[in-house]
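S.K.: need the 3D shape of this:
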Amino acid sequence: MRLLVTGGAGFIGTNFLRYALARDEVERLVTVDLLTYAGNYANLNDLEADPRFRFVRADIADREAMTALVDAEAIDTLVNCAAETHVDRSIADHWPFVTTNVDGTLVLLEAVRGRAGFRRFLQVSTDEVFGSIPAGRATEDWPSRPSSPYAASKAAADGFVQAYATTYGLPAVITRSSNNYGPYQFPEKLIPLFVTNALDGQPLPLYGDGLNERDWIHVEDHCAALWHVLGLPATRGEVFNVSAGREVPNRAVTDLILRLLDRPPSLVRYVADRPGHDRRYALDASRLRKTGWEPRRGFEEGLAATVAWYREHRPWWEAVKSGAYRDYYETMYGDRLRDSSAAPRS
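M.R.: Model (predicted):
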């Protein structure tokens, strides 16, 4: 396999690179990342010793750069992990999400379309394309009802992948994962934000009443699912949900973090909710499970390991939370925290 992974300096990309490099099937692994705020080259320092590995700093929306890279490295498999992902940022400014998530995906599709010997394009998507799931679990055939600009950009990208599979015969597949957690996650997301804030004795800004439910999966289980999907028979536009099948309210996640770190409940501050905040996500992953994949980590076990990782890697997240991150944090939470309360927001 001559594999190109986009977004390799980000959270899921970093973990997938490590998973893939542990496999003998990988002859060559190239990763591309623009190293914007969430792309951290420090994640990859120890991978440079592997002669199969190459890092390229580039924008996936750069047509000439992506075409030249695919040609020069004779890429036969592409996993697209690159994305702008944070819902709050998409509400504040959606244009980077259109550029990276939609235009970037189109550029990658064009770079491999019609390429002799190309085996698989894997689009890493999200359960957020389905919108809020009031009851039951969303199957792959549920309609897309995105609630945020982020989710809309991912739904649009998925549509182009399926169109290229149907129109041009591109061997493409889409995975839609539930919420990931684990090491190397940028601390704008709930779990790393709350863990690192709690370690420093800082307030935990919990949206609304704290009862929004998320379907959590450890990133290593997600990476195993991605690798498993790459080994399935070639398909054209098939979708696989990836989920451990465990929905947990945000308040319960917060309480677990506080318990693991022995921090007081008084750190929790209920703040004004995010606009259009989806109430519940839940995926039906039976299609993928029938092919032989199963998650291995229970949520409590996985969360304990994640908390331990952040406790042991303080220099990593302290560097991430310096500089521009502080301005972002003040923009997102400054006014909310000043107007926060110790009781749930109605």
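
S.K.: alpha carbons only for contacts and neighbour counts from here, please
M.R.: Fine.

S.K.: longest helix anywhere in the chain?
M.R.: helix 149-168 (DSSP state H).

S.K.: mind listing residues that contact the helix or strand following that helix?
M.R.: For helix 149-168, the following helix or strand on the C-terminal side (DSSP states H and E) is strand 172-177. For strand 172-177, contacts defined as C-alpha atoms under 8 Å, 6 or more residues apart in numbering pick out 120-127, 158, 161-162, 165, 222, 226, 234-243.

S.K.: tell me the strands beside strand 172-177, with direction?
M.R.: Under the criterion DSSP bridges, strand 172-177 sits next to strand 120-126 (parallel), strand 238-242 (parallel) in its sheet.

S.K.: so that strand versus helix 149-168, what angle?
M.R.: Counting by axes from the mean of the first three to the mean of the last three C-alpha atoms, to 10 degrees, strand 172-177 points 160 degrees away from the direction of helix 149-168.

S.K.: quick one: contacts of whichever strand or helix holds Ala198?
M.R.: Ala198 is part of helix 190-199, with elements assigned from DSSP H and E. Residues from elsewhere that reach helix 190-199, judged by C-alpha under 8 Å, 6+ apart: 181, 185-187, 203-204, 253-254, 257-258, 261, 263, 267, 307, 310-311, 317.

S.K.: let's see 7 Å
M.R.: Residues from elsewhere that reach helix 190-199, judged by C-alpha atoms under 7 Å, 6 or more residues apart in numbering: 181, 185-187, 203-204, 257, 263, 307.

S.K.: from the chain's centroid, how far away is that helix?
M.R.: Computed by C-alpha atoms, centre = their mean, to the nearest Å, the chain-centroid distance of helix 190-199 equals 17 Å.

S.K.: average pLDDT for it, rounded please.
M.R.: Per-region confidence: helix 190-199 scores 98 on mean pLDDT.

S.K.: before we move on, back to that, tell me the buried residues within the contacts of strand 172-177.
M.R.: By neighbour count, with 16 or more other C-alpha atoms under 10 Å, the contacts of strand 172-177 hold 120-127, 158, 161-162, 165, 222, 226, 234-237, 239-243 as buried.

S.K.: tell me which other helices or strands the longest helix of the chain touches.
M.R.: Packing partners of helix 149-168 (3 or more C-alpha pairs under 7 Å, 6 or more residues apart in numbering; DSSP states H and E): helix 87-92.

S.K.: which other helices and strands contact the helix it packs on?
M.R.: Going by 3+ C-alpha pairs under 7 Å, 6+ apart, helix 87-92 lies up against helix 149-168.

S.K.: for the helix it packs on, C-alpha coordinates in PDB please.
M.R.: The C-alpha trace of helix 149-168 is given here as PDB (Å, rounded to 0.1, in the frame of the first residue of the first chain):
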ATOM      1  CA  PRO A 149     -22.100  25.100   9.100                       C
ATOM      2  CA  TYR A 150     -19.500  22.400  10.000                       C
ATOM      3  CA  ALA A 151     -22.000  19.600   9.600                       C
ATOM      4  CA  ALA A 152     -23.200  21.100   6.300                       C
ATOM      5  CA  SER A 153     -19.700  21.200   4.900                       C
ATOM      6  CA  LYS A 154     -19.100  17.600   5.800                       C
ATOM      7  CA  ALA A 155     -22.500  16.500   4.300                       C
ATOM      8  CA  ALA A 156     -21.500  18.400   1.100                       C
ATOM      9  CA  ALA A 157     -18.200  16.700   1.000                       C
ATOM     10  CA  ASP A 158     -19.800  13.300   1.400                       C
ATOM     11  CA  GLY A 159     -22.100  14.100  -1.500                       C
ATOM     12  CA  PHE A 160     -19.200  14.800  -3.800                       C
ATOM     13  CA  VAL A 161     -17.500  11.600  -2.800                       C
ATOM     14  CA  GLN A 162     -20.600   9.600  -3.600                       C
ATOM     15  CA  ALA A 163     -21.100  11.500  -6.900                       C
ATOM     16  CA  TYR A 164     -17.500  10.700  -8.000                       C
ATOM     17  CA  ALA A 165     -18.100   7.000  -7.100                       C
ATOM     18  CA  THR A 166     -21.300   6.900  -9.200                       C
ATOM     19  CA  THR A 167     -20.300   9.100 -12.100                       C
ATOM     20  CA  TYR A 168     -16.600   8.300 -12.500                       C
END
